[in-house]
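>>> Output the structure for:
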Amino acid sequence: MTGGVTRAEYCVVACAEAWRGDGEILAAPMGAVPRIGARLAKLTFAPELMLTDGEAMIVGGDPELGDPEVVEGWLPYRAHLALVTGGRRHVMMGASQLDRHGNQNISCIGDWKRPGRQLLGVRGAPVNTLNNPTSYWVPRHSRRVFVERVDMVCGVGHDRAAAAGPAATRFHDLRCVVTDLAVLDFATPDRTLRVRSLHPRVTAEAVREATGFPLEIADDVPSTREPTPAELRLIREVIDPERAREREVPS
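Just a heads-up that it's a prediction; the model follows:
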């Protein structure tokens, strides 16, 4: 099947897998590929997931009945915040910079007192990382993103959470990082990034070359799993017939 599956579709499946086993929580994907992945997870192996329309409506639906997205409920902002602080949400955020410990920057490039480039701002990243499960999506795996040290900490990594003590580590839960080259996680003795799987046709050397710090990659690292025929049909015909995935991760 590898020959007919695009890189974007492998990324969609890898993002979907991030929510496997989460149960009845709110999935909060940021980016086209994570949104498609969360929807795929809900329609296949994670029907308990809650999804929103990006505003205040909880959405669901059964594609086999010809209605892939229907409104199932209302989630006002105050209720959304309660899910965040109570840990009943798994967010997949973006990252302008990310270091080996999982510290994320989406605020500025350069010295924060006089940055060379202003980005989104800190926003909810600290609360996300300290209160509910957090994963990251990086559509362009490069040394500009994977850096030795982030210019400003927005999302809190393992080293800084540990330094802050039990109040910071109690619910701190960084799950995985999905990029256009690989899936990474923090399953190492010192809780730093390693490669969990390589997307088909991507080499370990290519990932190392695109990363700005030493990265653990096992000799027997597996490939990211193949989408099933049913998953491909859902991705292509039901969830994303307009191919937004291919615009975010071109083939």
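>>> tally of neighbours for Val122?
17 (other C-beta atoms under 10 Å). Backbone N, C-alpha and C define where each C-beta goes, glycine included.
>>> my read: it touches Val150, true?
No. Taking contacts as C-beta atoms under 8 Å, Val122 lies outside contact range of Val150: 11.9 Å.
>>> what sits in contact with each of these two?
Jointly contacting Val122 and Val150 under the rule C-beta atoms under 8 Å, 6 or more residues apart in numbering is no residue at all.
>>> Quick check: the gap between the nearest residue to Arg143 once chain neighbours are set aside and Ser96.
Distances taken as C-beta to C-beta, 6 or more residues apart in numbering put Gly212 closest to Arg143, at 4.1 Å, once the chain neighbours are dropped. For Gly212, the distance to Ser96 (C-beta to C-beta, to the nearest Å) stands at 13 Å.
>>> Looking at the two, which one has more neighbours?
Ser96 (21 against 17).
>>> quick one: the residue nearest to Arg143 and Thr169, what's the gap?
Gly212 is 26 Å from Thr169, by C-beta to C-beta.
>>> again, but for Asp99
Taken as C-beta to C-beta, the span from Asp99 to Thr169 is 18 Å.
>>> Between these two, which has more neighbouring residues?
Between Asp99 and Thr169, counted using other C-beta under 10 Å, the more crowded position is Asp99 (23 against 15).
>>> Can you verify my assumption that that one contacts Val147?
Yes. The pair Asp99 and Val147 qualifies as a contact (C-beta under 8 Å) at a distance of 5.9 Å.
>>> list residues touching both of those two?
Contacts common to Asp99 and Val147, judged by C-beta under 8 Å, 6+ apart, are Phe213.
>>> one step back: just confirm the residue nearest to Arg143 contacts Val150, I think it does.
No. With contact defined as C-beta under 8 Å, Gly212 does not reach Val150; the gap is 10.7 Å.
>>> Residues contacting whichever helix or strand Leu51 is part of, please?
Assigned by DSSP states H and E, Leu51 belongs to strand 51-52. Under the criterion C-beta under 8 Å, 6+ apart, residues Leu26, Ala27, Ala28, Ala38, Arg39, Lys42, Ile58, Val59, Gly60, Leu75, His80 lie in contact with strand 51-52.
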